[in-house]
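*Asks:* Here is a sequence with its predicted model. Questions after.
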Amino acid sequence: MLRRVLPIAVASMLAAGVLAGCASSETGATDPDTAQFQTGVATEQQVTAKLGPASATSLQPDGARVDIFSYAYAAPDPQNFIPIAGLFDGGAKVKMTTAWFSFDRAGVLLDYKKQVYAAQVRSGILNP
């Protein structure tokens, strides 16, 4: 009985570890994605078709819109998965990207900007 259960338990733990290895959220806007849109030419529909739905939208008093696309990715360091060692020296790599696209009342792109943030997050007793 144990011979049949043990391989299944080990395979389940490995699968859970692999699946829990990274996390991401929302729609990303990479350099090639933002560079392809020309101001005064691209429309809100074209941007949305390429990047997916905006994470947030802001309506301006003059009728203009700002669509915000955000993306976050985190990958834990391998030592997090080593028993005991992860308690002392853990961490993760984090990357966040936010892109703002401004459109006029007609939905034509006025301007866009992008901000990228990357960091190494440290955790554990040995990391202050």
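*Replies:* Structure received.

*Asks:* Let me see the contact set for residue 102.
*Replies:* Residue 102 makes contact with 64, 65, 66, 109, 110, 111, 112, according to Cβ atoms under 8 Å, 6 or more residues apart in numbering. The way it works is simple: take the backbone N, C-alpha and C, and place the C-beta from them, glycine included.

*Asks:* from the residues you listed, which ones fall inside strands?
*Replies:* The members of the contacts of residue 102 that map onto strands under DSSP state E are 65, 66, 109, 110, 111, 112.

*Asks:* ok, so what distance separates the third one from residue 82?
*Replies:* Spelled out, that is residue 109. Distance, residue 109 to residue 82, by Cβ to Cβ, to the nearest Å: 48 Å.

*Asks:* Comparing those two, which residue is more hemmed in?
*Replies:* Using other Cβ atoms under 10 Å, the more surrounded residue of residue 109 and residue 82 is residue 109, with 20 against 13.

*Asks:* Give me the nearest residue to the more buried one, chain neighbours excluded.
*Replies:* Distance criterion Cβ to Cβ, 6 or more residues apart in numbering; nearest residue to residue 109, sequence neighbours excluded, is residue 42 at 4.3 Å.

*Asks:* for residue 55, same thing?
*Replies:* Nearest to residue 55 is residue 70, by Cβ to Cβ, 6+ apart, at 4.5 Å.

*Asks:* What are the boundaries of the strands in this protein?
*Replies:* With strands called from DSSP E, the chain shows them at 23-26, 56-59, 65-76, 90-103, 109-123.

*Asks:* I appreciate the help and will end here.
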